[in-house]
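Student: what shape does this take:
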Amino acid sequence: MVSIRCQGVTFQNIQAVLFDKDGTLANSEAFLRSLAQKRSRLIDAQFPGVQEPLLMAFGVEGDRLNPAGLMAIGTRQENEIAAAAYVTETGRDWIESLETVRSAFIEADQYMKRKADHTPLLPGVLPLLQALTTAGLRLGILSSDSTNNVKDFVEKYQLEAYFQLQIGAGNLSKPDPLLLQQACNALKVSPSQTLVIGDSQADIQLARAGAAGCIGVTGGWSSAFHLPADTLIHQLEEIEILSE
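Tutor: The predicted structure is shown next:
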């Protein structure tokens, strides 16, 4: 076990670290903003007038993406449901609205192609993963993205040697406390000896379900924002690993 320190806060007796992906490990803002714009245009082509409300719902603000918005932290299903709700305001039935949105999302995926190609590692990721692994910690990813996209990201940037766990949104999603328990069971560690590192309120709430704590990271987004995490950093390089 090791201690992890940053910004004057020390987390002791840590055996494992659970990372968020988008905005924490991956530079995803530009891709997510473009994906939201493409989805909105495709839906607006069938139901004129919904593009701007959809962009607001997705959290797109000009050339920026709201770090706490739907595209940044919501699952695909949550994005689909929110978008379909706006379509129903045009007078369409729910099933028609949902089917239209899902078709538009699929077409947008095909246009944007492989997400991992457009979401490179953020600064400091590799050195931190190497240091944590050398210290003997077990590592996992818990993301609101799909499990397929999580695994594709890990493969694209050759991170397989670092992560023993790669989980996306499925039957459970953040901040469901059962997800923390399942992840820790898979890693064979106690939640109380597991540290969460992420960039959203969902990560913080997940950590509060029994983890050792949460380090909030803000450097993955162009907009300044605050998180009520146990400690807040801008870059991953601010994390220090202490030997015990």
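Student: helix, strand, or coil at the most far-flung residue of the chain relative to its centre?
Tutor: Here the chain reaches farthest from its C-alpha mean at G91, the gap being 33.2 Å by CA atoms, centre = their mean. Under DSSP: H, G, I helix; E, B strand; the rest coil, the three-state class of G91 is coil.
Student: and it, how far is that from V50?
Tutor: 12 Å (CB to CB, to the nearest Å). The way it works is simple: take the backbone N, C-alpha and C, and place the C-beta from them, glycine included.
Student: I106 too?
Tutor: To V50, I106 is 18 Å away according to CB to CB.
Student: more neighbours, those two?
Tutor: Taking other CB atoms under 10 Å, I106 and V50 do not tie; V50 has more neighbours (20 against 11).
Student: what's near enough to touch that one?
Tutor: With contact set as CB atoms under 8 Å, 6 or more residues apart in numbering, V50 has these partners: S40, I43, D44, Y86, V87, E89, T90.
Student: for it, give me the pLDDT.
Tutor: As predicted, V50 sits at a pLDDT of 93.
Student: now restrict the contacts of V50 to buried residues only.
Tutor: S40, I43, D44, Y86, V87 (16 or more other CB atoms under 10 Å).
Student: thinking I239 is in contact with L232, fair?
Tutor: No. I239 is beyond contact range of L232, at 11.8 Å (criterion: CB atoms under 8 Å).
Student: buried ones in the strand or helix carrying A30?
Tutor: Here A30 sits within helix 29-46, counting by DSSP states H and E. The neighbour-count check on helix 29-46 (16+ other CB under 10 Å) flags 29, 31-40, 42-44 as buried.
Student: so for it, what's the average pLDDT?
Tutor: The model assigns helix 29-46 a mean pLDDT of 96.
Student: go on, stretch 124-142?
Tutor: For stretch 124-142, mean pLDDT is 97.
Student: again with stretch 147-161
Tutor: The pLDDT scores in stretch 147-161 average 97.
Student: what sits up against it?
Tutor: The contact list for stretch 147-161 (CB under 8 Å, 6+ apart) reads 21, 25-26, 114-117, 119-121, 129, 133, 141, 143, 145, 163, 166-170.
Student: if I look at G69, how far off is F153?
Tutor: For G69, the distance to F153 (CB to CB) stands at 21 Å.
Student: pick out whichever of those two has more residues nearby.
Tutor: Higher neighbour count among G69 and F153: F153, with 28 against 19, using other CB under 10 Å.
Student: assumed that one was part of a helix.
Tutor: Yes. Using three-state DSSP, the assignment for F153 is a helix.
Student: how about stretch 203-213: buried residues?
Tutor: Within stretch 203-213, the residues scored as buried using 16+ other CB under 10 Å are D203, I204, Q205, L206, A207, A211, A212, G213.
Student: hmm, who's touching that stretch?
Tutor: 9, 11-14, 18, 20, 24, 142, 174-177, 179-181, 191-198, 214, 216, 227-231.
Student: could I get the full set of helices for the chain?
Tutor: For the chain, helices defined by DSSP state H occupy the ranges 29-46, 51-58, 70-73, 76-88, 94-112, 125-134, 147-156, 177-187, 201-207.
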